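Novice: Curious how this folds, go ahead:
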Amino acid sequence: MSPLLRVTKAPKDLESHFRWHGTAFTDGQVIDTISPRDQRGTAVKSSDPKRRAEPVWDPAVHAKSWRAVWAYSRKRAVRDSTTLTLQENKARAVVAGEKAARAPRFVKTRNGANELDETSLARARELVGLKGYVTNIEAGLMSAGEVIASYHDLWHVEQSFRMSKTDLAARPMFHHTREAIEAHLTIVFAALAIARHLQDVTGLSIKKIVQAPATDPGDHRPHRRPRTRRGGLDHACRRGDPRHPLGISAQ
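Specialist: Numbers count the residues shown, from 1 in each chain. The predicted model follows:
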């Protein structure tokens, strides 16, 4: 798994880095360390500011932590700085009574009065440009760069699920046994694999492939395209039309 880490966890995760290297980062710099699963407790052998080297995550040793990969981007830093400036301006306007907000960032209340949280703002400025990824895959199996790349490739998975729900007309499952569930998933993923293959071979989208008119190159007579339910590829296959241009047949 490779979900994102909250930037607020960076000061703890990168405590050793900040101690030995300060808050300066180079564009594209990656730090492979560990992150406690629960910030309320103390993880065993987490990032130690007394040690310069970052700990290497080991599931047997760091049972209460995850592997954390932090990456710095100069482009992201510029974007984050712009966002922080807007948030700071809003916070100052709230403190001055010029604007009302329900829960503005960088505003704290003391003795019933709003004031700017300078400490939180300064800490946020130090963390601009950083993005964290958490995973349970060991460094020996996947490098830090591969962890980041795999997260960036998640859009392929999301696109596939959208495709399965629309173009492939994959409908909700109402099964109660493991065998039925696995069978249904096998059919859906098989259809998805075929659809991806057809996309690569033809260069067309699945929607265009499914809606393509079924014609025989040797038959010039008009032929009606087989009806499909919601453009579903599974229904087109069930029709088993041998004259489908892609040769899709139930036989």
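Novice: is it true that Ala93 lies in a helix?
Specialist: Yes - counting by DSSP: H, G, I helix; E, B strand; the rest coil, Ala93 is found in a helix.
Novice: I figured it was touching Val107, is that so?
Specialist: No - with contact defined as Cβ atoms under 8 Å, Ala93 does not count as touching Val107 (9.8 Å). For glycine as for every other residue, the C-beta is placed from the backbone atoms N, C-alpha and C.
Novice: These two: which has the busier surroundings?
Specialist: Neighbour count, other Cβ atoms under 10 Å: between Ala93 and Val107, Val107 has more, with 19 against 15.
Novice: Report pLDDT for the more buried one.
Specialist: If you check Val107, the pLDDT there is 93.
Novice: Any idea what it is bridged to?
Specialist: Beta-bridge partners recorded for Val107 (DSSP bridges): Leu116.
Novice: can I assume it is in contact with Glu118?
Specialist: No - Val107 is not in contact with Glu118 according to Cβ under 8 Å; the separation is 11.1 Å.
Novice: Helices of the stretch 51-200 of the chain, start to end?
Specialist: 74-95, 118-126, 144-152, 154-165, 178-202 (DSSP state H, counting those that start in this stretch).
Novice: can I get the ones you listed in TSV with distance to Ile34 and mean pLDDT?
Specialist: What follows is these, written out as TSV (distance: least, Cβ to Cβ, whole Å; pLDDT from 0 to 100):
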stretch	distance to Ile34	mean pLDDT
helix 74-95	22	95
helix 118-126	20	93
helix 144-152	12	88
helix 154-165	22	65
helix 178-202	34	84
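Novice: what's the closest of the ones you listed to Ile137?
Specialist: Taking Cβ to Cβ, helix 144-152 is the member of the helices of the stretch 51-200 of the chain nearest to Ile137, at 6.8 Å.
Novice: which residues sit against that closest one?
Specialist: Residues outside helix 144-152 that contact it (Cβ atoms under 8 Å, 6 or more residues apart in numbering) are 2-4, 30, 32, 67, 69, 71, 133, 135, 137, 142.
Novice: at 7 Å instead, please
Specialist: If you take Cβ atoms under 7 Å, 6 or more residues apart in numbering as the criterion, helix 144-152 is touched by 2, 30, 32, 69, 71, 133, 135, 137.
Novice: tell me which residues of it are tucked away?
Specialist: Neighbour counts using 16 or more other Cβ atoms under 10 Å place 144, 147-148, 151 of helix 144-152 among the buried residues.
Novice: now swap in stretch 76-95 and tell me
Specialist: Judged by neighbour count using 16+ other Cβ under 10 Å, the buried positions of stretch 76-95 are 77, 80, 84, 87-88, 90-91, 94-95.
Novice: what's around the closest residue in space to Lys131 that isn't next to it in sequence, how many residues?
Specialist: Distances taken as Cβ to Cβ, 6 or more residues apart in numbering place Ala71 nearest to Lys131, at 5.4 Å, with adjacent residues excluded. For Ala71, the tally of surrounding residues (other Cβ under 10 Å) stands at 20.
Novice: before we move on, back to that, tell me the one among the buried residues of helix 144-152 nearest to Ala63.
Specialist: Ranked by distance to Ala63 (Cβ to Cβ), the buried residues of helix 144-152 are led by Val147 at 20.1 Å.
Novice: For that closest one, give its distance to Asp38.
Specialist: Val147 sits 22 Å away from Asp38, taking Cβ to Cβ, to the nearest Å as the criterion.
Novice: for Ser65, same thing?
Specialist: Ser65 is 9 Å from Asp38, by Cβ to Cβ.
Novice: Check Glu54 too.
Specialist: According to Cβ to Cβ, Glu54 and Asp38 sit 20 Å apart.
Novice: Comparing those two, which residue is more hemmed in?
Specialist: A side-by-side neighbour count of Glu54 and Asp38, using other Cβ under 10 Å, places Glu54 first with 19 against 9.
Novice: who touches the more buried one in this structure?
Specialist: 16, 31-33, 47.
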